[in-house]
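Asker: Pasting the sequence and the predicted coordinates here, then a few questions.
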Amino acid sequence: MVKVTAADVNKLRKMTGSGMMDCKNALVEAEGDFEKAIEILRKKGQKVAAKRADRESSEGAAIAKVNTDNTSGVIISLNCETDFVAKNDSFVTLANELAELALGFDTKEDFLSADFKGNTVQDKLTEQTGVIGEKIEIGGFEKLDAPYVGSYIHAGNKIATLAGLSAAVEGSAVAAKDVAMQAAAMNPVALNEEGVDQSVIDKEIEIAKDQLRQEGKPEAMLDNIAKGKLKRFFKDNTLVNQAFIKDSKQSVAQYIKSVDANLEVTGFQRVALG
């Protein structure tokens, strides 16, 4: 029988993040072969992942990252089952490392297949499921490209947002962060009126008409009054038309124009947990 030293166990623990006893048992079973031991630990993770596949993973960490020239950003959420795990430093560190890697990919599928320290991202998630004993997966994955991209992560990593601006001008960094913060706080359904799905518009008009009928308004007046209510819906629920959270006397669009007369918000992304 191969003698497994404490140094070997510690080395495997650093390589995989698994517990000391799991590492020792894997090395004993693999007769000291590190590659085999890693495979044993991975299979353990697969077994745990299979057992917990139907568990809900609504906790976790939502992380936004932007590239060095502020032209592209990504948000991922690393999901788990409990808030206890979500707040763990090593879990948040892993989420940040994965988000940094995700900057280089356009789709969640490509990202999950990408190399992460010698394994695919998906294999790493399976491995961590075995280490932690909870379902670990990538929930949200959103990309945003623009002439200038800013980000915001709400305290506790429960909400992460990106905001795109039409140009990189003096004040873009603060403006983009402010707009990203707006998106985090106010959860708009779309950038502007044009971005609202027609089915949502139809539903809002129907709701407004039903309310007006219950109030006894004449049928002939319903269309015009409902249109007014729809304008209010756009003001409350589309990003550029919302009242700016730092100064409610102006809209987000007006705030952006105060930074630069030609500046516009071109897009946003938002990922929230819980």
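Answerer: Received it, and whenever you're ready, just let me know what you need.

Asker: mind checking how far Gln211 is from Ile225?
Answerer: In this view, Gln211 and Ile225 are 9 Å apart by Cβ to Cβ, to the nearest Å. Quick note: C-beta positions are derived from backbone N, CA and C, even for glycine.

Asker: next one: Lys117
Answerer: Distance, Lys117 to Ile225, by Cβ to Cβ: 60 Å.

Asker: same thing with Ala7?
Answerer: Taking Cβ to Cβ, one finds Ala7 at 77 Å from Ile225.

Asker: Looking only at neighbour counts, state which of those two leads.
Answerer: Using other Cβ atoms under 10 Å, the more surrounded residue of Ala7 and Ile225 is Ile225, with 16 against 8.

Asker: Which pLDDT value belongs to the nearest residue to the more buried one once chain neighbours are set aside?
Answerer: Leaving aside its sequence neighbours, Ile225 sits nearest to Leu212 (Cβ to Cβ, 6 or more residues apart in numbering; 5.6 Å). Turning to Leu212, the model gives it a pLDDT of 84.

Asker: Might you report the residue contacts of Leu212?
Answerer: Met221, Leu222, Ile225, Ala226 (Cβ atoms under 8 Å, 6 or more residues apart in numbering).

Asker: Just the buried residues out of these, in PyMOL syntax.
Answerer: Of the contacts of Leu212, the buried ones can be selected in PyMOL as follows, counting by 16 or more other Cβ atoms under 10 Å:
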select buried, resi 222+225+226
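
Asker: now the contacts of Leu212 as a markdown table including pLDDT and distance to Asp236?
Answerer: Supplementary listing: these in a markdown table, determined by pLDDT from 0 to 100; distance: Cβ to Cβ, whole Å:
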| residue | pLDDT | distance to Asp236 |
| --- | --- | --- |
| Met221 | 81 | 22 |
| Leu222 | 82 | 21 |
| Ile225 | 83 | 17 |
| Ala226 | 80 | 15 |
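
Asker: Understood, closing this out.
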